[in-house]
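Colleague: make a model of this:
(2 chains)
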Amino acid sequence: MLRFAPSPTGDMHIGNLRVAILNYLVAQQNNEQFLVRIEDTDVKRNIEGKDTEIMMLLEKFAVIHNSVFHQSEHLNLHQTLALRLLKEEKAFVCKCTDEELEADREEAKANRVAYRYSGRCQDLTQDDYVALKESGKPFVVRLKKPTSDIINHDVIKGDISTAPNEVDAFVILRTDGTPTYNFACACDDMLSNISFIIRGEDHLSNTPKQIHIKNVLGYENETKYAHLPIILNSDGKKMSKKDSASSLKWLFEEGFVPDAILNYLLLLGNAKVAPKEIFTLPEAIEWFDLTKISKSPAKFDMNKLRFINREHLKMMDDRQLSTLFGFADADIGKLAKLYLEEASTIKELETKILPIFRPKDFTGEWGEEMRVIADLIFDAPAFDEFDTFKTYIMKKSGFEGKKFFKPLRYLLTGAENGPETSDIYPLIKSYILEVAS
RNA sequence: GACCCUUUCAUCUAGUGGCCAAGGAUAUUGCGUUUUCAUCGCAAAAACAGAGGUUCAAAUCCUUUAGGGGUCGCCA
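Modeller: Residues are numbered from 1 along each chain as shown, chains lettered A, B, ... in the order given. Okay, here's the model as predicted:
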């Protein structure tokens, strides 16, 4: 069982999406189930509606899940498990105040050592828990440190060993009784029997904690891990909300299509086994090798994304492409593809296609000639072939060379430059009266 | 500061001791084609982070220095 576990606390970005895609892809490759778990344990940060937004986005990328649930539904389970650890003395209640903990941190900082939990409450017992509960005083539950190194086998990074001190005695249940991220996450992974966890590198330091939790809960099945190198912006820093390109919403607005975004994300850090650069998700499932992903962070390259987007636009069905510009005509799709030689996104394509159908400006350098040609077209019979059309207009107008082609191009496309008019004509001839005006 | 990860052209990468005076793709530049701008074709420029080892032989193994990134919450 594989899983994607987003929190509904903000807009989904390309890093999240990459994780989702890869989990789905590996599940497909291994014939395993793929689960979506909405991690909504931080009530304050949850944003209404983000969960459905995430699900819609996954659907848009054809990442199909077998089941989905909200982590908050498991509140009772998490509490029960935490209490069990308390009873077994694998965890302890901690009544340290914020001030005390803050002082500890200050001290660690002053001494230039890493902050670790002081151990002040670690000998508190089950009786203390009962007393604390009756008194109504605030307390949290912490998990005791492991007694030996935690080793996690990462299929990308290799074996990583973590000392007990690094794992530390961390909080698993908050003052309000809700589980912390690491605890809820590990419990649910255990409960769902997740066999392979693929996530971002920023979770690397959480992994020993989560392994430790599963260990003390007596979970014996082995879990494989893969921590993906993070995606950097052009400045070489971790991509964040500040980088517009990280936002899927922004990418869609800019005219990038899902297939291209997916293709790019899969290519990033992984050129090794790809038999070709342009591919679809079903194709990638055939040959993608997660273990071959590069270990170092990769910079986001807008130029490459643009190239890939162009290639996917070329592969799109003609009629379907035309619907993106408000048509339902394969010829318009073909027309758009002609313009792919100078545009890479739907947004850029729009700036080429829409002016063709808008009223033209007859006041420019070639205005006079355009008027003459437009009048001729208005009275002319319909021509199927560009050659016969061209010959007819040339003859009737008496224009030739630049004096003919420039105004003709401008009249038909509203632009000075562009693809061959001979290629454009057959695709717009059924709209010729609207176009040439 | 501590801990962990990482280091080949501008960018993504190929490369697992000899096939590498390092290959591909994108981007860039030049030439050719094109009654336009482009596309396309051809070509060019462009990298093993530094220093020490090991070896007949190192991009590849070891040591070390430097750089980059991540994480150090009752956030996820």
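Colleague: hmm, who's touching stretch A:350-359?
Modeller: Applying CB atoms under 8 Å, 6 or more residues apart in numbering, the external contacts of stretch A:350-359 come out as A:255, A:325, A:332, A:335-336, A:339, A:342-343, A:412-415, A:418, A:428, A:431, A:434-435, A:437. Yep, even glycine has a C-beta here, placed from its N, CA and C like the rest.
Colleague: ah, wrong one, I meant stretch A:70-78
Modeller: The contact list for stretch A:70-78 (CB under 8 Å, 6+ apart) reads A:5, A:37-41, A:43, A:51, A:173, A:178-179, A:183-184, A:187-188, A:191.
Colleague: ok, those residues vs RNA strand B, which is closest?
Modeller: Distance to RNA strand B across the contacts of stretch A:70-78 (CB to the nearest atom of the strand) is lowest for A:Glu39, with 3.0 Å.
Colleague: which residues sit in contact with that closest one?
Modeller: Applying CB under 8 Å, 6+ apart, the residues near A:Glu39 are A:5-8, A:71, A:181, A:184-185.
Colleague: identify the farthest-apart pair in these.
Modeller: A:Pro8 and A:Cys185 (14.9 Å; CB to CB).
Colleague: higher neighbour count, these two?
Modeller: It is A:Cys185, of A:Pro8 and A:Cys185, that has more neighbours when counted by other CB atoms under 10 Å, with 25 against 20.
Colleague: quick one, phi/psi of that one?
Modeller: phi -60, psi -50 (degrees, to the nearest 10).
Colleague: doesn't A:Gln210 make contact with it?
Modeller: Yes. Between A:Cys185 and A:Gln210 a contact is recorded at 6.1 Å, counting by CB atoms under 8 Å.
Colleague: so where do the strands sit in chain A?
Modeller: Remark: strands assigned in chain A by DSSP state E are A:2-4, A:34-38, A:67-70, A:91-94, A:140-143, A:150-154, A:158-162, A:171-173, A:196-200, A:224-228, A:231-232, A:298-299.
Colleague: in CSV, list these along with mean neighbour count.
Modeller: Output for those, formatted as CSV (neighbours: other CB atoms under 10 Å):
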stretch, mean neighbour count
strand A:2-4, 24
strand A:34-38, 23
strand A:67-70, 14
strand A:91-94, 23
strand A:140-143, 23
strand A:150-154, 16
strand A:158-162, 13
strand A:171-173, 23
strand A:196-200, 21
strand A:224-228, 21
strand A:231-232, 20
strand A:298-299, 14
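Colleague: Serialize these to CSV and add fields for mean pLDDT and distance to A:Gln79.
Modeller: Putting the strands of chain A into CSV (pLDDT from 0 to 100; distance: least, CB to CB, whole Å) gives the following:
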stretch, mean pLDDT, distance to A:Gln79
strand A:2-4, 96, 22
strand A:34-38, 97, 18
strand A:67-70, 96, 16
strand A:91-94, 94, 12
strand A:140-143, 95, 9
strand A:150-154, 87, 24
strand A:158-162, 84, 27
strand A:171-173, 95, 7
strand A:196-200, 94, 23
strand A:224-228, 92, 27
strand A:231-232, 90, 36
strand A:298-299, 90, 40
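Colleague: check contacts around A:Asn182.
Modeller: Counting by CB under 8 Å, 6+ apart, A:Asn182 touches A:170, A:172, A:206, A:209-210, A:213.
Colleague: looking at the residues you listed, which two lie furthest apart in space?
Modeller: Farthest-apart pair in these is A:Ile172 and A:Asn206; separation 12.8 Å (CB to CB).
Colleague: re the thing from before, the contacts of A:Glu39: which ones sit near RNA strand B?
Modeller: A:5-7, A:181, A:184 (CB under 7 Å from any atom of the strand).
Colleague: neighbour-wise, which of the residues you listed leads?
Modeller: A:Ala184 leads the ones next to RNA strand B among the contacts of A:Glu39 on contacts (other CB under 10 Å) with 28 neighbours.
Colleague: tell me what the closest residue to A:Leu204 other than its chain neighbours is bridged to.
Modeller: Closest residue to A:Leu204 apart from its sequence neighbours, by CB to CB, 6 or more residues apart in numbering: A:His227 at 4.9 Å. According to DSSP bridges, the residues that bridge with A:His227 are A:Arg199.
Colleague: so A:His227 sits against A:Arg199, correct?
Modeller: Yes. With contact defined as CB under 8 Å, A:His227 counts as touching A:Arg199 (6.4 Å).
Colleague: so how far is A:Phe92 from A:Asn215?
Modeller: 17 Å (CB to CB, to the nearest Å).
Colleague: again with A:Asp379
Modeller: Taking CB to CB, one finds A:Asp379 at 94 Å from A:Phe92.
Colleague: A:Leu324 against A:Ile346, yeah?
Modeller: Yes. Judged on CB under 8 Å, A:Leu324 makes contact with A:Ile346 at a distance of 5.4 Å.
Colleague: how about the residues of the stretch 151-300 of chain A by RNA strand B?
Modeller: A:157-158, A:160, A:162, A:166, A:170-171, A:174-176, A:180-182, A:184, A:201-206, A:229-230, A:232, A:236-238, A:267-272, A:277, A:292, A:294-299.
Colleague: so which residues make contact with the lowest-mean-pLDDT helix or strand in chain A?
Modeller: The weakest-scoring helix or strand in chain A, judged by mean pLDDT, DSSP states H and E, is strand A:158-162 (a mean of 84). Identification of contacts with strand A:158-162 by CB under 8 Å, 6+ apart yields A:149-154, A:204, A:207-208.
Colleague: and that strand with strand A:150-154, angle?
Modeller: Inter-element angle recorded for strand A:158-162 and strand A:150-154: 160 degrees (by axes from the mean of the first three to the mean of the last three CA atoms, to 10 degrees).
Colleague: dump strand A:158-162 to PDB, restricted to CA.
Modeller: What follows is strand A:158-162, C-alpha atoms only, in PDB (Å, rounded to 0.1, in the frame of the first residue of the first chain):
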ATOM      1  CA  GLY A 158      21.000   4.700   1.100                       C
ATOM      2  CA  ASP A 159      21.100   3.500   4.700                       C
ATOM      3  CA  ILE A 160      21.000   6.300   7.200                       C
ATOM      4  CA  SER A 161      21.600   5.700  10.900                       C
ATOM      5  CA  THR A 162      20.400   8.100  13.600                       C
END
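Colleague: tilt between that strand and strand A:224-228?
Modeller: Using the same axes, to 10 degrees: strand A:158-162 against strand A:224-228 is 100 degrees.
Colleague: partners of strand A:158-162, with directions?
Modeller: Next to strand A:158-162 in the sheet, as set by DSSP bridges, lie strand A:150-154 (antiparallel).
Colleague: for the partner strand, list the C-alpha coordinates in CSV.
Modeller: Output in CSV follows, covering the C-alpha atoms of strand A:150-154 (Å, rounded to 0.1, in the frame of the first residue of the first chain):
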residue,chain,number,x,y,z
ILE,A,150,17.6,3.9,14.3
ILE,A,151,18.5,2.8,10.9
ASN,A,152,16.4,3.6,7.9
HIS,A,153,17.0,2.1,4.5
ASP,A,154,16.3,4.7,1.9
